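> show me the folded form of this:
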Amino acid sequence: MTARPRGAAAGARQPGPTADAAAALARDRIASLDDLKAATMRCRECPIGEFATQSVIGAGPLKARLLLVGEQPGDQEDLQGLPFVGPAGRLLARALEQAGIARDAVFVSNAVKHFKYELRGKRRIHKSPTQREAAACLHWLEDEIALVQPPALVALGAVAARSLLGRAVPVLANRGRWLPRADGRQVLITVHPSSLLRGPPEAREQAFVAFAADLALARTVVRQGR
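Just a heads-up that it's a prediction; the model follows:
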């Protein structure tokens, strides 16, 4: 006769995998962007996913030579399910064109896969993710990097820089510099395009030129793949 586990009542149902274990099993099965979308739609490793419309994973050609990482989806990204389709995304596209980099040649994503916001009336106002929330999403970003296999990355802002490099990086002190990751990939540091939109109107053109100049430092990486 098989012994019953100590303390288990007759007919008691044995506990299933914990939420952390279930998440780990899901991560093991990430073999495509479709897998990543499905897994992030289910993700509740931090509170953000419960309130967002949907997860927003990266987009662009697999095996792109350059992967750009922002902070998190915005309102339009959350509604459309695509990264960088709002005002900051349009500014990024214009800056890439100015830098001589084709927008459709790069993969774009975010460090955090759900939109964090606070309601003001009927408006959803962006709210920055905490370090814990960004850390909870880090494995999804690493899954994207593993799928795309880019030789180089661009960190758009402080949240992206921390996620990619595993430490706090003062963006203004390091913008325009390539910093190494533990896996040997190089990460170009620059600002997030949304910061240009928040700046004083009279300074926006100069800020845009500087942003495009930062991105131009990655042009050689993209063109080497042609």
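> every contact and neighbour count from this point should use C-alpha atoms.
Will do.
> quick one: contacts for the closest residue to R181 other than its chain neighbours?
For R181, ignoring the flanking residues on the chain, the nearest one in space by CA to CA, 6 or more residues apart in numbering is L165 at 5.6 Å. For L165, the contacting residues are 180-182, by CA atoms under 8 Å, 6 or more residues apart in numbering.
> strands - which of the residues you listed land there?
P180 (DSSP state E).
> can I get the contacts of L165 in CSV including pLDDT, neighbour count and distance to Q80?
Formatted as CSV, the contacts of L165 follow (pLDDT from 0 to 100; neighbours: other CA atoms under 10 Å; distance: CA to CA, whole Å):
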residue, pLDDT, neighbour count, distance to Q80
P180, 98, 15, 33
R181, 98, 14, 31
A182, 96, 9, 34
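> that older thread, quick check: pLDDT value at the residue nearest to R181.
Per-residue pLDDT puts L165 at 98.
> just give the nearest non-adjacent residue to E77, would you?
E77 sits nearest to P83 (CA to CA, 6+ apart), 5.4 Å away.
> ramachandran angles for that neighbour?
phi -80, psi 150 (degrees, to the nearest 10).
> ok, it - contacts?
Counted by CA under 8 Å, 6+ apart, P83 has contacts 56-59, 73, 77, 89, 108-110.
> the protein: strands as residue ranges?
66-70, 107-110, 117-120, 123-126, 152-156, 178-180, 186-190.
> which strand residues bridge the residue nearest the centre of the chain?
Computing the C-alpha centroid of the chain and ranking residues by CA atoms, centre = their mean puts N110 first, at 1.8 Å. Residues in a beta bridge with N110, per DSSP bridges, are G70.
> re the thing from before, tell me which of the strands of the chain lies nearest to V222.
Closest to V222 of the strands of the chain is strand 66-70 (CA to CA; 6.3 Å).
> where does pLDDT dip in the chain?
The chain contains residues with pLDDT under 70 at 1-28, 225-226.
> what about L36, how many neighbours?
23 (other CA atoms under 10 Å).
> next one: G121
G121 has 7 nearby residues by other CA under 10 Å.
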